[in-house]
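[1] Here is the input, now give the coordinates:
(one chain, ligands or ions: 1)
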Amino acid sequence: MAVGDVVLGTNQYGKAEVRLVRVTRDTPVHEIEDLTVTTQLRGDFAACHTAGDNAHVVATDTQKNTVYAFARQHGVGSPERFLLRLARHFVDGFEQVTGGRFVADVHAWDRIAVDGQAHDHAFVRTGRETRRTVVHVDRDDVHVLSGFTGATVLKSTGSEFWGFPRDAYTTLPETKDRVLATSVTAWWRWADPDVDFEARYPVVRDLLLATFAQVHSLALQHTIYEMGRAVLESCADVAEVRLSCPNKHHLLVDLEPFGLDNPNEVFHAADRPYGLIEAALHREGDAPVPHVWASVPGFV
Ligand SMILES: O=c1[nH]c(=O)c2[nH]c(=O)[nH]c2[nH]1
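    Below you'll find the model as predicted:
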C-alpha cells in the first residue's frame, strides 16, 4: 500500500499553568491576586515541526516571562483583561502569530480576621468557586468566555424526579422530594469582548446560583436549563451559556433494620458513579461559535 505525504494539521503551543501571584503593596493594606495562566499561540510554525527551524518560535519560556512582566507593568485586574492584553501583545507583536488560546484560573483569598478585624497582609484561601476565563483570538476575531468551576450547591427539598421510563433494569424509585446537589461548572460567552468584567462576573454567577435555589426542580436537566435561560433572558451582553453538572446523589439510608423510619433526614452522600448533566444554550437566531468552545477542555 502506498503511503501518502504527511501533512501537518492544526497545532498550537505555549506555556501551560504559569503560577502567578501578584502582591499590590502601595499601602500597608496589601492586595493579592493569584492566578494560573496558560498561553498557547497559533500561526506559522510549520517549519519548526517539519524541519526543526525555530526562527518563528516565540519560546514558551518567553511567553512565561511575558506573563510575569505584564503583571508587574500593568497589574492583573480582571483575568479577562489580563489575557486580552497578553493576546494582543503576541498577535500584534509577532507577524507569524495569527491567534491563540489564553486561559486563566483565579484562586481566591480572603483576609484572615484577627479580633474581628480583616488583617492587612495575611490571607486564607477561599473554597467557594474557581473563576475561569478563556480568551480565543484568531487575528481580529476575539471571543471571551468567562465562567467558574467547583461551586458545590445543595437543596434539601424542592426537587423531584419521576415519570421516567421503567424497563427490566429500572430500580430507581420515583420521588417528589429529594436532595439535589451538584458542583456547577459554568461557562458563558460574552457577545462583545468590551465588557466591565469585574462588575458583570458576579452578576452572572449569582444569577446562576440563585436560579438553582429558586427553581422547583423536576430533573437536574430542568434546573440547568432554567439556570442558563435566566442568564440569557436578563443579560443582553451574554450570547451563550454552557453548564456541566454532576448529579451528586444523596441516597436515603434504609433505617428499617434498626426499627427506625427515615422521613428524608439521613442520606448517604454517594461519591460515584454520578449522573453527568450538561447543556448548551443560546438565543434563537444567534450563530454559535463551535471553534471557540472546542478550545474549552472537558466540555460537551
Ligand atoms: O435529575 C436527574 N436526571 C436524570 O437523568 C437522572 N437519572 C437518575 O437516575 N437520576 C436522575 N436525576
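[2] Could you tell me whether Thr39 really is in a helix?
    No - secondary structure of Thr39, determined by DSSP: H, G, I helix; E, B strand; the rest coil: strand, with no helix assignment.
[3] so the residue lying closest to Asp138 once chain neighbours are set aside bridges to which residues?
    Using CB to CB, 6 or more residues apart in numbering and skipping residues adjacent in sequence, the residue nearest Asp138 is Gly99, 4.0 Å away. For the C-beta atoms, the positions are set from N, CA and C on the backbone; glycine is no exception. When bridges are called by DSSP bridges, Gly99 pairs up with Arg42, Asp138.
[4] Okay, strands next: where are they in the stretch 101-250 of the chain?
    Ranges of strands within the stretch 101-250 of the chain are 109-114, 117-125, 130-138, 141-155, 180-190, 238-247, 250-252, based on DSSP state E, counting those that start in this stretch.
[5] Give me the mean pLDDT for the shortest one.
    Taken as a whole, strand 250-252 has a mean pLDDT of 97.
[6] Counting by contacts, list what it packs against.
    Helices and strands touching strand 250-252, by 3 or more CB pairs under 8 Å, 6 or more residues apart in numbering; DSSP states H and E, are strand 267-269.
[7] so how far is the strand it packs on off the chain centroid?
    Offset of strand 267-269 from its chain centre (CA atoms, centre = their mean, to the nearest Å): 27 Å.
[8] tilt between the next helix or strand after it and strand 180-190?
    Toward the C-terminus, strand 267-269 is succeeded by strand 275-282 as the next helix or strand (DSSP states H and E). Angle of strand 275-282 versus strand 180-190, following axes from the mean of the first three to the mean of the last three CA atoms, to 10 degrees, is 30 degrees.
[9] Run through this protein and note the low-pLDDT ranges.
    Within the chain, the segments meeting pLDDT under 70 span 1, 298-300.
[10] Name the residues of it found near the ligand, please.
    In this structure, the chain approaches the ligand at residues 161, 172, 219-221, 247, 275, judged by CB under 6 Å from any ligand atom.
[11] what do you get if the cut-off is 5 Å, keeping everything else the same?
    Counting by CB under 5 Å from any ligand atom, the chain comes close to the ligand at 161, 219-220, 275.
[12] re the thing from before, state the distance from the residue nearest to Asp138 to Ser244.
    26 Å (CB to CB, to the nearest Å).
[13] go on, Gly100?
    In terms of CB to CB, Gly100 sits 24 Å off from Ser244.
[14] Just want to know which of Gly99 and Ser244 has more residues nearby.
    Between Gly99 and Ser244, counting by other CB atoms under 10 Å, Ser244 is the more crowded of the two (22 against 19).
[15] Test of understanding: give the bridge partners of the more buried one.
    Going by DSSP bridges, Ser244 forms beta bridges with Thr185, Glu278.
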